[in-house]
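Engineer: Can you look at this prediction? I've put the sequence above it.
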Amino acid sequence: MIWSSDYLAQLNIDAGKQISTDLNSIYNRSMLAITEGLSVYRLPNALRSLMRITYRGYKLEPMNWEQFTLLTPSTVFLNETYRIENSNSRPFWYTIHPTNLFDIRLYPAPNETFTADGDPFSPGVNDSKCIISYYQIIEPSSEITSLPVYIDRRIRKAYVLWQAFSAEGKGQNLRASEYYRNKYFFLIERFKMINQGCYVSKKYTLGNDNIPQTGRYPRPMLPSNFERRYY
Amino acid sequence: MAFALIAFTGRVAGVNGATTTPGINTAGADLIIIQISRQAGVGGTPTDSKTNTWTPLDASTTSGGGTETRCWYCVSPNVGSGHTFSTGVGAGQYSCINVLAFSGVDTASPFLSSSGTNTSGGSTLQNPGITGTASLFVIGFNGQPGAGASTIDSSFIIETGLSQAGAGSNNYAGAFAYKLSNTGSISPTWTYTGSQPAATGMYAFNPSVGTTNLTATISDTQTFTDSVATALFGFITSNLNDTITFSELFESQLGLPLINAVLSDTQTFNDFIEILVGNPLITNSFADTITLSDAIVTSLNTVISGDFNRVDIKLKVTNFFQNPAYYLGADLNDSIQDGTDEITAFSGCNYGVALIPFVGSLSYYDLLTLIPNYIGVIAIFNGATKCWMTPTSVRKLDQYRPDWETAIGTPEFFVPINHRYIAICKKPLVQDYGNMYMLYVSSSPVLDDATTLPFPSEYAQLIEAYVKTDLWEQNEEFTKASKEFLIYQQQLQKLHTLVHSKRQIDRLPSL
C-alpha cells in the first residue's frame, strides 16, 4: 500500500475544507437567542459569509464599523461584562465587530428577550425571533450542509489524489498530481455554474426590473397602507 | 420497476469437488440466481456465506450424455460484501458455478416460467421460447467436456468474469447469460464448437410493481372532506394499510397543459397510499388522514432524445480498448453511470416536472430533499392561482418589503438560493392552499443496459470520452487520460451551449 488509510482519511477532511474555501454554496439559517440589553452576539462557528438578518421578520440594515461609529459616537463596547449602551429599542442596524469577526452588534440594543428554538425556514409574522441567513463551511455530518451527491464524491476524489500523488515518497507522481489538480478546479468551476445558472427563466435586462410595489394582479383600490407595516 | 444488475461472479472448478466463487458485494440485491453446470446425478445444493435458503428452479435440464445445467434462486436474500457461493458438489466431480444478483424483482411473485431442452450432439442448441411478459430472462448452458466456449444471441449478455470452461478440459462448458427486456417469447440459440451433448435451461422473472413515481422522502398528512371520504369508502376494506390505485381521473386533476395526454397515459399513479386509520373510523364525520408524498414527479424529459443505450457505449469502448479481460463489464457500467451523472448535471440536459404542495407558513423549500433528482429550478407554476411565479432576487424582495420572509399572501415570486433551497414570496398561511408545479433540471436516471442515455445522438463520443478518461485514470495512464479529458471538456461545453443558448436561436437577446 502506497498511502495509509489514515493519510487518505485526513486528505478527505482537507478536501472539505479546501472546497469550502473555493465555493460559497452551503446555505443555512439559524436563530440567535436575544437578551434584553445585550447588543453583541456570537455567530455560529461554521458561518463564513453573513447574508441577511431579520428581527421579528424585518430585515436589519448592514453597516460597516465606520458608519456605526458615526451613527452612535458615544457608544463603546470592550467586553461582555463592561459595556455602555446608549439606547435600548428594536434593532434596525447591525455591524460586524471590528476585532472579532464572529461577533455582530445590533443597534439599538434589543429591548426584549428571544429564544433560539423553532424552524428558521418558516418564520411567522412578527414572531419573537432573530434569524440569520449565511453561507457556511461544508459539514458532512448533516445532509443539508453537505455537497449534493452528484458532485461530492468526484470532487473529493480529485482533491485527495491531487494531494496524495504530490506527497514525497514512493507514490509521488507529479504528472498525476497536476492531472487531478486540473480536474479538481474543472469540477469546482462547473459546480459554480450550476449554482449561478440553475434557472433559465430569468429575464436578461438592463432596465428597471424592480418588483412593482402595487403587486401584479388586478385588485380593487385599497387604502394606501394596505399590507404595509410601520415601525 | 426495472431490473438492475447489482453484481455477478463465477468460477470453474480447478480441482475436484466443491467450488467456491470469489466474494462480491450483493448489497441492494433482492434476487440472486445461482447456475451450476455439472454431471447429472451428482446431486448437491449450493450454499453461500450469508446462509440463504436456495430454491431450485424446476427440474434440471439434462442431456442424453449426462450433462446438467440447473438454477437456484433466493428472493430478499441476506446480502453484503464478501458474499461467496459454493456448488455443494461432492468430491471427485467437476462443476462450474455462476451467480447473478439483481434488484427490482416482484418479491411476492418472482418466478414466471421456464423452458429447456438438450441435444445428444451438435454445434448449436436453441432454447424453447417462454410465453408471457417478463423483464428478466436468465439462461444456463452446459456442454460435455470437449465442447468449446459457447456464445449466445447478442441480445443476451454474458458478463466478463462469469465462468465459462473451454474445450478439451475435464470441466463442463458451463455458461450463464441474462437479458433485460419488457417483451416475452424469446428463443435464443447457443453456439459452441465440437459435436457434444449439451443442455440449456431458461427462466423468466417478474419485475416488481413500480413505486417509482412517488419519489419524495418526506411525507405529511392531508385531511379529506366528507365528500372525498365517501369516494374513498369503496376502496377501503376492513384491514388497515390498504392500498388505493388512482385512476386517470386523478391524473387529470393534476391539470396543467404541460402534462399532456402522452405523459399522462404513461404516468401511472398506482403507488401505495397508506390509510393510517381503518374502515371502522371512517364515518360521515370523516376527518381521518392519509399520507401523501410531498412531491410527485410527474414526468422526466431529455432536451433531445438520444438513440444509444449503455450496451452501445460498452460495445464501442470495448472495441476501442480491445482488452475485455482488463476492463471488465462492471468497470464499464460504473464509468458510464458516473459519466452520465456528471454530464447531465453539468449540461442541464435532463428535465423534470414535480408537483409540490405549498406548506403553510414555509418560506424556504428544501428541494433537494423533496425531489431527490433535483439540480436547479427552471420555473414554478402556482396551481392555486393558475399563474406562473416570477423569478427574482433577495435584494429585490428586500426593496419590495423588508419583511417579505414573513409576508402572508398569494405566492407570486420565487428566489433560487443555492443548489438546495428556493424561497417564495408571499407564502400561504393555510396548510391546504394548493400545489405548485416545479419545472426543474434533473439529475441522471440510474442506467441499465436498455436505458437510452439522455444525450443527443451526436454526443455519444462525449460519454465515450468520459469513460476512456476514467478507465485510463484508474490504470494511471495519465498522459492518455489528459488528452481524452480535453476532448471531454470541449464536448461538454458544446453540449452546455446547445442546451442553454442554441435551442431557440430565432429569439434575439434584448435590452
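Structural biologist: That came in fine, so what should we check first?
Engineer: any chance you could map the helices in the stretch 301-450 of chain B?
Structural biologist: Here the stretch 301-450 of chain B has its helices, by DSSP state H, counting those that start in this stretch, at B:310-321, B:329-347, B:367-370, B:394-400.
Engineer: now those helices in a markdown table, with mean pLDDT and distance to chain A?
Structural biologist: Glycine gets a C-beta too; all of them are placed from N, C-alpha and C. Output for the helices of the stretch 301-450 of chain B, formatted as a markdown table (pLDDT from 0 to 100; distance: least, C-beta to the nearest C-beta, whole Å):
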| stretch | mean pLDDT | distance to chain A |
| --- | --- | --- |
| helix B:310-321 | 87 | 18 |
| helix B:329-347 | 88 | 5 |
| helix B:367-370 | 88 | 6 |
| helix B:394-400 | 86 | 4 |
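Engineer: Take those helices and lay them out in TSV including mean neighbour count.
Structural biologist: Below are these laid out as TSV (neighbours: other C-beta atoms under 10 Å in any protein chain shown):
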stretch	mean neighbour count
helix B:310-321	16
helix B:329-347	21
helix B:367-370	20
helix B:394-400	16
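Engineer: Show residues contacting the longest strand seen in chain A.
Structural biologist: Secondary structure assigned by DSSP state E gives strand A:47-55 as the longest strand of chain A. For strand A:47-55, the surrounding residues in contact (C-beta atoms under 8 Å, 6 or more residues apart in numbering or on different chains) are A:20, A:24, A:27, A:43, A:59-60, A:62, A:90-91, A:94, A:96, A:102, A:104, A:106, A:110, A:123, A:129-137, B:394, B:403, B:405-406.
Engineer: for A:Ser177, what are its contacts?
Structural biologist: Counting by C-beta under 8 Å, 6+ apart, A:Ser177 touches A:161-163, A:165-166.
Engineer: any idea what sits nearest the one residue in the stretch 401-511 of chain B that gets nearest to chain A, other than its immediate chain neighbours?
Structural biologist: Nearest residue of the stretch 401-511 of chain B to chain A: B:Thr406, at 3.5 Å (C-beta to the nearest C-beta). Closest residue to B:Thr406 apart from its sequence neighbours, by C-beta to C-beta, 6 or more residues apart in numbering or on different chains: A:Gly57 at 3.5 Å.
Engineer: residues touching the one you found, list them.
Structural biologist: Taking C-beta under 8 Å, 6+ apart, one finds A:123-127, A:129, B:403, B:405-406 in contact with A:Gly57.
Engineer: at 6 Å what do you get?
Structural biologist: Residues in contact with A:Gly57, defined by C-beta atoms under 6 Å, 6 or more residues apart in numbering or on different chains, are A:123, B:403, B:406.
Engineer: State the pLDDT value of residue 113.
Structural biologist: Looking at chain A here, since you left the chain open. As predicted, A:Thr113 sits at a pLDDT of 93.
Engineer: looking at chain B here, not the other one
Structural biologist: For B:Ser113, the model assigns a pLDDT of 81.
Engineer: Which strand or helix spans it?
Structural biologist: strand B:111-119 (DSSP states H and E).
Engineer: Flag every buried residue along that strand.
Structural biologist: Buried residues in strand B:111-119, counted by 16 or more other C-beta atoms under 10 Å in any protein chain shown: B:111-112, B:114-116, B:118-119.
Engineer: After that strand, which helix or strand is next?
Structural biologist: Immediately after strand B:111-119, counting by DSSP H and E, sits strand B:124-126.
Engineer: pLDDT of that following strand, averaged?
Structural biologist: For strand B:124-126, the per-residue pLDDT averages 83.
Engineer: Counting residues, which helix of chain A comes out longest?
Structural biologist: helix A:174-196 (DSSP state H).
Engineer: and whichever helix or strand comes after the longest strand of chain A with chain B, contact?
Structural biologist: Note on strand A:47-55: by DSSP H and E, the next helix or strand toward the C-terminus is strand A:58-59. Yes - for strand A:58-59 and chain B, the contact criterion (C-beta under 6 Å from any C-beta of the partner chain) is met by A:58-59.
Engineer: in its sheet, what does the helix or strand following strand A:58-59 sit against?
Structural biologist: Using DSSP H and E, the helix or strand that follows strand A:58-59 towards the C-terminus is strand A:61-63. Note on strand A:61-63: by DSSP bridges, its sheet partners are strand A:93-96 (parallel).
Engineer: Mind listing what's buried along the partner strand?
Structural biologist: A:93-96.
Engineer: Which SSE is immediately downstream of the helix or strand of chain A with the lowest mean pLDDT?
Structural biologist: Ranking every helix and strand in chain A by mean pLDDT, DSSP states H and E puts strand A:83-84 at the bottom, with a mean of 55. Using DSSP H and E, the next helix or strand after strand A:83-84 towards the C-terminus is strand A:88-89.
Engineer: neighbouring strands for that following strand, and are they parallel or not?
Structural biologist: When DSSP bridges is applied, strand A:88-89 pairs with strand A:109-110 (parallel).
Engineer: For the partner strand, what is the distance to the chain centroid?
Structural biologist: Relative to its chain's centre, strand A:109-110 lies at 22 Å (C-alpha atoms, centre = their mean, to the nearest Å).
Engineer: Can you list the neighbours in contact with that strand?
Structural biologist: With contacts defined as C-beta under 6 Å, 6+ apart, strand A:109-110 is touched by A:34, A:37, A:39, A:85, A:88, A:91.
Engineer: PyMOL command to pick out the buried ones of these?
Structural biologist: Burial among these is assessed by 16+ other C-beta under 10 Å; the matching PyMOL selection reads:
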select buried, chain A and resi 34+39+91
